[in-house]
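Enquirer: take this sequence and fold it.
(chains A and B)
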Protein chains: 2
Amino acid sequence: MRYEVRLSGSGGQGLILIGIILAEAAGIYDGKNVVQTQSYGPEARGGASKSEVIISDETIYYPKATRLDLLLSMTQKSCDEYYLDLKKDGILIVDSSLVHQVPTNQAYQIPFTRLAKEKLGKVFVANIIAIGAIAEISGVVKESSLTEAVLKRVPPWSAELNKEALRIGMGEGKKAVAKVKRSGL
Amino acid sequence: MRYEVRLSGSGGQGLILIGIILAEAAGIYDGKNVVQTQSYGPEARGGASKSEVIISDETIYYPKATRLDLLLSMTQKSCDEYYLDLKKDGILIVDSSLVHQVPTNQAYQIPFTRLAKEKLGKVFVANIIAIGAIAEISGVVKESSLTEAVLKRVPPWSAELNKEALRIGMGEGKKAVAKVKRSGL
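Expert: Next comes the predicted model:
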């Protein structure tokens, strides 16, 4: 088992943080081998951001993600740019409050940023809602491990806010999975 | 030019944060190609932590650090474990408040944790003092880029504290370089 995740969007959306959280959940709490990476080049000055997590039962010899099992896109630009790196049966999850042109009808479309704003009054937890949904849709990490990892990486004053964001994300993930099953995709 | 840095110690010392800060300083502000990585495996449950940054003028095809140009060790265990991964003329920097058995007399020994506690009353900025010293000793990143990257990644209330920590680290780095030059190492 080797599972490649890319979390993409723009700087400030907290994609590096959720990459570290997913890596710690799978690597420390679930006991998998994990490599988590950020790459920067001239394009990073345009505000693009991506974070990658590779999870495996085996030693990871090649730490770059090349054929994605899961792509999260929190901007249109990152969706356009990385969609073709997905495996044929890979999972695309987009923030539907920000990505309006989705390249496949098999994508999971969840309005992370709108949910963060409307349900919690804090846009900055859209990333935590997203990682909750990713855990639910992919099954790549245990719910309890993810919750522990989130609480270890966020400031203590925001623990309740982040737990609520996770719950919303996991709930949305479950709904999205049920919808895909019903539609027979 | 390819420059490999490993920041090592134990969980909670903030090594992932300074890895990201160094990567953003070099990648976004200095315009280099940078890959920044964390790896987790079963050993991560023992509290070990390492963070790697590879900086290059060229595209980085192989993102793992294999022959280190610079190793920071903030625990004895991480120093013992990773010292042999240093290149022959690589730079070893240790937190001399925590690492007492140094495997070479050519190491830079700076008491980051003691300085953080005694000069700033906050142990948790030892990592920022260390990254300031690393910038000065290695010359791999511009001072101004590092300062910008730090301020982008720390909470606004701690901006002054972190700027002071950087200044202390850069000052200690300069002193350490001068001492090595005098001793003719």
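Enquirer: how about the residue sitting nearest the centre point of chain A: what's its closest non-neighbour residue?
Expert: Nearest to the mean C-alpha position of chain A, counting by C-alpha atoms, centre = their mean, stands A:Ile131 at 4.5 Å. If the residues on either side of it in the chain are set aside, A:Ile131 comes closest to A:Ile18, at 4.3 Å by C-beta to C-beta, 6 or more residues apart in numbering or on different chains. Placement of C-beta: from N, CA and C, glycine included.
Enquirer: ok so, going back, contacting residues for the residue nearest to the centre of chain A?
Expert: A:18, A:21-22, A:146, A:150, A:166, A:169 (C-beta atoms under 8 Å, 6 or more residues apart in numbering or on different chains).
Enquirer: try A:Tyr29
Expert: Counted by C-beta under 8 Å, 6+ apart, A:Tyr29 has contacts A:142, A:144-145, A:148-149.
Enquirer: quick one: it and A:Gln109, what's the gap?
Expert: 29 Å (C-beta to C-beta, to the nearest Å).
Enquirer: ok, now A:Ser39?
Expert: From A:Ser39 across to A:Gln109, the span is 27 Å (C-beta to C-beta).
Enquirer: over to A:Ser8?
Expert: Taken as C-beta to C-beta, the span from A:Ser8 to A:Gln109 is 16 Å.
Enquirer: of these two, who's got more company?
Expert: The neighbour comparison of A:Ser8 against A:Gln109 (other C-beta atoms under 10 Å in any protein chain shown) goes to A:Ser8, with 24 against 16.
Enquirer: any idea what that one is bridged to?
Expert: Here A:Ser8 sits in beta bridges with A:Lys50, A:Ser73, going by DSSP bridges.
Enquirer: correct me if wrong: it contacts A:Leu70.
Expert: No: if you go by C-beta atoms under 8 Å, A:Ser8 and A:Leu70 don't touch, sitting 11.0 Å apart.
Enquirer: quick one: contacts for A:Ala25?
Expert: A:135, A:141-142, A:145-146, A:148-150.
Enquirer: those in strands, which ones?
Expert: Using DSSP state E, no member of the contacts of A:Ala25 sits in strands.
Enquirer: buried subset of those?
Expert: Buried by 16 or more other C-beta atoms under 10 Å in any protein chain shown: A:135, A:141, A:145-146, A:148-150, out of the contacts of A:Ala25.
Enquirer: farthest-separated two in the residues you listed?
Expert: In those, the most distant members under the criterion C-beta to C-beta are A:Ala135 and A:Glu148, with 12.1 Å between them.
Enquirer: wait, what's in contact with A:Pro63?
Expert: Contacts of A:Pro63 (C-beta under 8 Å, 6+ apart): A:35, A:37, A:54, B:37, B:39, B:63-64.
Enquirer: for the residue nearest to A:Ile131, give me the pLDDT.
Expert: We have a pLDDT of 98 for A:Ile18.
Enquirer: any regions of chain A where pLDDT drops low?
Expert: A:184-185 (pLDDT under 70).
Enquirer: up against chain B, what does it have?
Expert: A:16, A:20, A:23-24, A:26-28, A:31-42, A:44-45, A:59-60, A:63-64, A:155 (C-beta under 8 Å from any C-beta of the partner chain).
Enquirer: how about 6 Å then?
Expert: Contact residues, chain A versus chain B (C-beta under 6 Å from any C-beta of the partner chain): A:23, A:27-28, A:33-41, A:44-45, A:63-64.
Enquirer: please point out which parts of the longest helix along chain A sit buried.
Expert: Ordering each helix of chain A by length in residues (DSSP state H) puts helix A:159-183 first. Neighbour counts over helix A:159-183 (16+ other C-beta under 10 Å) mark A:161-166, A:168-170, A:172-173, A:176-177 as buried.
Enquirer: what do you get for stretch A:64-74?
Expert: A:64-65, A:68-74.
Enquirer: compute the first-to-last residue distance for it.
Expert: Distance across stretch A:64-74, first residue to last, is 21 Å (C-alpha to C-alpha, to the nearest Å).
Enquirer: and for stretch A:108-122?
Expert: First-to-last distance for stretch A:108-122 - C-alpha to C-alpha - comes to 22 Å.
Enquirer: can you give me the helices in chain A?
Expert: A:15-24, A:76-82, A:112-120, A:126-138, A:143-153, A:159-183.
Enquirer: was I right about A:Ile129 contacting A:Ala165?
Expert: Yes: under the criterion of C-beta atoms under 6 Å, A:Ile129 makes contact with A:Ala165 at 4.9 Å.
Enquirer: what about the closest residue to A:Val53 other than its chain neighbours, distance to chain B?
Expert: Leaving aside its chain neighbours, A:Val53 sits nearest to A:Val5 (4.5 Å; criterion: C-beta to C-beta, 6+ apart). Separation of A:Val5 from chain B (C-beta to the nearest C-beta, to the nearest Å): 14 Å.
Enquirer: list the buried residues of stretch A:125-141.
Expert: Buried, per 16+ other C-beta under 10 Å, within stretch A:125-141: A:125-138, A:140-141.
Enquirer: off-centre distance for it?
Expert: When distances are taken as C-alpha atoms, centre = their mean, to the nearest Å, stretch A:125-141 is centred 6 Å away from the chain's centroid.
Enquirer: ditto for stretch A:25-43
Expert: Centre-to-centre, stretch A:25-43 and its host chain are 12 Å apart (C-alpha atoms, centre = their mean).
Enquirer: sounds good, over and out.
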